[in-house]
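# this is a predicted model, with the sequence first.
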Amino acid sequence: MPEMTLVGGVNAALAYEMAADDRVLVFGEDIGVNGGVFRATEGLQQRFGPARVIDTPLAEGLIAGMAVGLAAQGLRPVAEIQFMGFSYPTLDQLISHASRLRNRTRGRLTCPLVLRAPFGGGIHAPEHHSESTEALYAHIPGLRVVIPSSPARAYGLLLGAIRDPDPVVFLEPKRIYRLTKQEVADDGEAMPLDVCFVVRDGTDITLVTWGAMIHETLQAAEQLATKGISAEVIDVATLRPLDIETILESVAKTGRCVIIHEAPRSGGFGAEIAAVVAEHGLLNLLAPIARVTGYDTIMPLLKLEQHYLPSVERIMDTVYKTMEFA
Amino acid sequence: MPEMTLVGGVNAALAYEMAADDRVLVFGEDIGVNGGVFRATEGLQQRFGPARVIDTPLAEGLIAGMAVGLAAQGLRPVAEIQFMGFSYPTLDQLISHASRLRNRTRGRLTCPLVLRAPFGGGIHAPEHHSESTEALYAHIPGLRVVIPSSPARAYGLLLGAIRDPDPVVFLEPKRIYRLTKQEVADDGEAMPLDVCFVVRDGTDITLVTWGAMIHETLQAAEQLATKGISAEVIDVATLRPLDIETILESVAKTGRCVIIHEAPRSGGFGAEIAAVVAEHGLLNLLAPIARVTGYDTIMPLLKLEQHYLPSVERIMDTVYKTMEFA
Amino acid sequence: MRCVAQFEVGYTGYLDHELRVSGPLPGFAREPAQLIAAYRAMTSARAFDRKAINLQRTGQLGTFASCLGEEAIAIAVGLAMRPEDVLLPMYRHHGAYLSRGVRMAELLAYWGGDERGMDFQSVREDFAVAVPIATQATHAVGVGYAFKYRNEPRVAVCVLGDGATSKGDFYEAINAAGVWELPVVFVVANNLWAISVPRPLQSRAQTLAQKAVAAGFEGEQVDGNDYIAVRDRLDQALERARSGQGPSLIEALTYRMGDHTTADDSRRYRSAEEVEAWRRRDPLDRLRSYLLQSGAWTEADDEALQAECQEEADQAAQIYLERPPQSPTSMFDYLYERLPRAYAEQRKALAGPSDD
Amino acid sequence: MRCVAQFEVGYTGYLDHELRVSGPLPGFAREPAQLIAAYRAMTSARAFDRKAINLQRTGQLGTFASCLGEEAIAIAVGLAMRPEDVLLPMYRHHGAYLSRGVRMAELLAYWGGDERGMDFQSVREDFAVAVPIATQATHAVGVGYAFKYRNEPRVAVCVLGDGATSKGDFYEAINAAGVWELPVVFVVANNLWAISVPRPLQSRAQTLAQKAVAAGFEGEQVDGNDYIAVRDRLDQALERARSGQGPSLIEALTYRMGDHTTADDSRRYRSAEEVEAWRRRDPLDRLRSYLLQSGAWTEADDEALQAECQEEADQAAQIYLERPPQSPTSMFDYLYERLPRAYAEQRKALAGPSDD
Ligand SMILES: Cc1ncc(C[n+]2csc(CCOP(=O)(O)OP(=O)(O)O)c2C)c(N)n1
Ligand SMILES: Cc1ncc(C[n+]2csc(CCOP(=O)(O)OP(=O)(O)O)c2C)c(N)n1
Ligand SMILES: [Mg+2]
Ligand SMILES: [Mg+2]
């Protein structure tokens, strides 16, 4: 089995599906000859030609809109937005069209598109290159919002996304694009887009997170283990539709829940998870639901970004407080 | 004191502030000669001239971007987006610039703009004319998001918004634009943009809502009173920054909390309120926090829209369930 | 300064409102049957329009956007296209759908607030009405790309208003269609108003056709109230697109004779004189007078046609009004191919205890 | 087809890379002092560039976008503008800021990841670097509108890349500037690449200057590596804008001699030959050779200048590196004029027990 990084998983999934299905087109800015600024599409244009791996003009609204047109025509467009910070011009097309095409036409037209974008901070990038605005996308009915946090899940979930008959926003945690390698079978096996993954079993507290924060959360869980605290870690993976059962089951077991995300706290997707637990799991709770998140500020430029991102320490502190609650 | 409708309150606030401050410019589509499709700007162009009351080309991105430019130049732009469903092309400017100008330049440039848009369903309008996507705006640090739900609050909060030194998204519940009249002193008195309003006192349960749903919520509260249930009703009014104290105080008193909004449930702003209560008010809770919301679907065309909107009945049902919880 | 590039915008009109004919007519216009077919379609579209406004006035339809005065464009688009082409319409030109086979009752359903209206039974690849202005323009790029990619001799036709040409989407689309030389025809129905905003406040460009210069292909103007001219230029543009010669932009000069929609009162912002002046250029009157004058059509034919079209619209209204409503739960049934279990409970709550 | 509109795009170049002079030079170019001042500014900007790349390579600066090869545009913009004009820059043309009085250490702070860098002490109404492509174009409309509204003889200058001209924002901005005849000059620095995407993939338009046709005003091309030409055309455009004659679009033809940014490797997508061919058109070399040839400048002058500029950049780096860091809590202090109490606790948590 080949060893893959997370971005390697993305690349392998794209290559696999392009080879298997000539309806799959990949496009975006700098994704052709250059292979994408993160090399997610490396080698694809060489292999599949410029008609299927298309460098577009610099226009994100166009990219989203043409994806809708291609999808309605039965193709399988996979568009790349270079950074999430440049994805906002796509929102109109996603909200007004991609998410609605099927409903609007009662199934006559459909919109099986994938819009990929790297997201999150911590790579010392310039302004607007470190956003985590997944909550905006996750609030839109008709979309799926999927975030892989390991090479295997990047591969499997992206295949699932491309094959899904409905529009998928696929957000890639760029901070961990190359952080770890993992053996992943390049077997074309897709993963489901409606489940959370329990990535570490535990009994004392449930830590819920997604994207790059999985990394800090698992580190925290390991350190907590040495202090005798057994943390269960859930990778949400698909924010819409949300697999609340897996989260509620875990909280039913542990009685405590901490949600960790990079995005600003207020109105972040952690709120939805907290709300669901507060609505359906209240009686199981032994302590308040806590959130460890980015602050309600503008993501700082690189000199201060590490102060913005939730750290292992901040997670541990909150876990301690939650454990001590009585 | 003049009697005003909610949209009349908007119009009066605009007129007052334009007369008082010649830095105030009003612009958008059809807001000049036509006075806006809802007549919110009626009479302003006649009174203040086309240089201050400007019909723009049909381009919402332009409207938002030029507002940023005007604001940075020390003017007080008040832009109208004709319907919230057409506001998505403004998101890039709001997220990437309006909310950040002050922070990016450490206060050298600032962005005192107001972006007004009618929102919400129930007026039998065509597709895209019934949206409630306030949660998208409310997740953006650096913005204020304000929603009036009475003529007096429309007047006072809009004055507050125009005078605020930072960008404000001002969402007007169009379903109740003309529903009620109220005596409002046209005295230029602004209301604060960081408080929730307790619009009905009660002791048994806290109902939290905003915008047009205030109407159904107050109706529900009245009917509940006849059944011996005393409901406190909070109009959130400003979603960002959120006045959590007022909400927590009320829940501390009542022990029960139902949040009502028109927007789709998942990732709606109700989640944030539930999360805050679950984090800081857990011990006071006698029952799970419930949400009565629009469904996680596309707002239907007019034939079915009444099935989508939370009704008095749905609110009452949820209140009963919450009251009966033991 | 050395001149490095030069551009021209042409204008085509064959039959003006005083029935003066310029130049030799294109072939199709010399066949009375073809013109009569177009005139029938225009008349039918206008009857539909009248009926829809009536239904709206009597509370049986939602807000409706009338096509009054723009039927020559709508019908020319519909008739110039082949069934396998794809239409990406705005909300106004019902006649284009109708002449492509969409049924009146289907369109009424849509404007009556029933999603099934856009699940029409013919031309099933045509796009639904685009309400957010100009957003359909980039869809047309995708559709055109799909045709080109699959090597299909098909054309995407995207119709927009004058107001729509101010929006970035329009520009991004024409620019991309130029780059990839896509089989897309952009038709700008310039009816001089975008709700209350007159054409000069949309752009200082003397013509909207010249917007194509920015995208590196040709734009042209046509008399939008002259069916012959619109149809002729569309035929050429579609043929160019179909044979791999890339995109075109046609600005059709017309006038919105009615209010913007039934929710609008255009007397607030424009003069009765202006409306009256354009009434004399009514595209239906023009074609009818021309046909009557040519002898291929008689007053009796016309009376019969009017009655026929009225009848057709009445029947469509009947079908529309008698259609059983959708179940409220249908709002969940087309959200995704299969409803995710996360929303099953919401659907159940909406259905209520009795329902499914 | 009748022709109803015609357009032309002109091109201006005075001094080409083989030092051939065309036409009579504009007045300023006949004063050696003026050209020397420009050459100094260009040399200084290049030294800044070199220093910044060095700092980045040694881990002391963030990702940096080099201006190498585009200094004639940057400096012409900076010197053509008056202090009271407002610059709306993209991220690349540091020289424009520098020649308007922004200090090198300030710019280094910004590129080093410190927000204080955009709180520069001169030209305080200039906009900050716009990272999201073309978003500054509509800001320029607002700024221009403010000038016109207040009757101030000031000009907004908006600089964009070739890639930026594909974006709807650019188009919406030029269109609106046309409608309101605003005092805005749009400068497109066409360096033939947008990261790895070559100019022909951005648009089929033969020139980017002709994009202005879509907005109803004139666009023109200029040799962007010829300081004299860029400055001359900018002077004219600014003068027109200042005197109420509305907006202009200038496409300056140049070449990005370096990588897109320090995070890019341009060898992946373009040939060494192409880069080499453009190296011979280097705008600094051209102006230096011309000045040397004219006798107004000597090799000794040049050596002194190089040393001086190097020294200036070194000193700026020193100031930058020695500046005490911001407190982490500063991320809350410029979010709103006054921090809403909703976020007070977050700020406190960040500050930690010891801090304020
Ligand atoms: C993006 C967007 N903004 C605003 C509106 C509201 N609106 C509906 S129609 C219209 C005017 C459109 O004018 P034009 O493109 O000329 O088409 P016409 O209605 O004249 O046929 C406006 C502003 C909209 N539907 N979409
Ligand atoms: C809206 C947006 N999309 C994508 C990017 C990423 N990006 C940064 S620079 C660039 C290319 C810009 O090219 P051009 O406008 O020609 O300017 P140049 O860098 O060549 O000076 C891209 C795609 C961005 N900054 N903003
Ligand atoms: Mg129009
Ligand atoms: Mg470039």
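Thanks, I have the structure now. Numbers count the residues shown, from 1 in each chain, chains lettered A, B, ... in the order given. Ligands and ions are numbered 1, 2, ... in the order given.
# count of neighbours near the residue of chain C found nearest chain D?
The nearest approach of chain C to chain D comes at C:G168, 1.7 Å away (Cβ to the nearest Cβ). Bear in mind the C-beta positions are built from the backbone N, C-alpha and C, glycine included. When neighbours are defined as other Cβ atoms under 10 Å in any protein chain shown, C:G168 has 29 of them.
# wait, what's in contact with it?
C:G168 makes contact with A:G61, B:A59, B:G61, B:L62, B:P89, C:A134, D:K167, D:G168, D:D169, D:Y171, D:E172, according to Cβ atoms under 8 Å, 6 or more residues apart in numbering or on different chains.
# any idea how far D:S289 is from the second one?
In this case it means B:A59. As judged by Cβ to Cβ, to the nearest Å, B:A59 and D:S289 stand 46 Å apart.
# out of those two, which sits in the busier spot?
Neighbour count, other Cβ under 10 Å: between B:A59 and D:S289, B:A59 has more, with 32 against 16.
# and the pLDDT at that one?
You'll see B:A59 listed with a pLDDT of 98.
# ok, and the closest non-adjacent residue to it?
Nearest non-adjacent residue to B:A59, counting by Cβ to Cβ, 6 or more residues apart in numbering or on different chains: D:E172, 4.3 Å away.
# neighbouring strands - and their directions - for the longest strand anywhere in chain C?
With secondary structure taken from DSSP state E, chain C has its longest strand at strand C:2-12. Partner strands for strand C:2-12, per DSSP bridges, with pairing direction: strand C:219-223 (parallel), strand D:2-12 (antiparallel).
# check which residues of the next helix or strand after the longest one are buried.
Translated: strand D:2-12. Once the chain leaves strand D:2-12, the next helix or strand it forms, by DSSP states H and E, is helix D:32-57. Buried positions in helix D:32-57, judged by neighbour count with 16 or more other Cβ atoms under 10 Å in any protein chain shown: D:34-36, D:38-49, D:51-53, D:55-56.
# who are the packing partners of helix D:32-57?
Contacting helix D:32-57 under the criterion 3 or more Cβ pairs under 8 Å, 6 or more residues apart in numbering or on different chains; DSSP states H and E are the following elements: helix D:71-80, helix D:94-99, helix D:104-111, helix D:227-242, helix D:283-294, helix D:299-322.
# who touches whichever helix or strand A:E232 is part of?
Take DSSP H and E as the rule and A:E232 turns out to sit in strand A:231-235. Residues outside strand A:231-235 that contact it (Cβ under 8 Å, 6+ apart): A:149-150, A:153, A:196-210, A:214, A:217-218, A:220-221, A:224-225, A:246-247, A:250, A:253-254, A:319.
# repeat that for stretch A:4-16.
By Cβ under 8 Å, 6+ apart, stretch A:4-16 touches A:2, A:24, A:26, A:38-44, A:47, A:78, A:116, A:148-156, A:158-159, A:162, A:172-174, A:176-184, A:186, A:188.
# try 6 Å this time
Under the contact criterion Cβ atoms under 6 Å, 6 or more residues apart in numbering or on different chains, stretch A:4-16 has outside partners A:38, A:40, A:42, A:151, A:154-155, A:158-159, A:176-178, A:181, A:184, A:186, A:188.
# before we move on, what about stretch A:194-202?
Contacts of stretch A:194-202 (Cβ under 6 Å, 6+ apart): A:221, A:230-238, A:241, A:243, A:246, C:340.
# endpoints of that stretch, how far apart?
Stretch A:194-202 has an end-to-end distance of 22 Å (Cα to Cα, to the nearest Å).
# so what's A:Y295 up against?
D:Q346.
# mind doing that once more with 10 Å?
Contact partners of A:Y295, counting by Cβ atoms under 10 Å, 6 or more residues apart in numbering or on different chains, are A:264-266, A:307-310, B:141, D:328-329, D:331-332, D:335, D:343, D:346-347, D:349-350.
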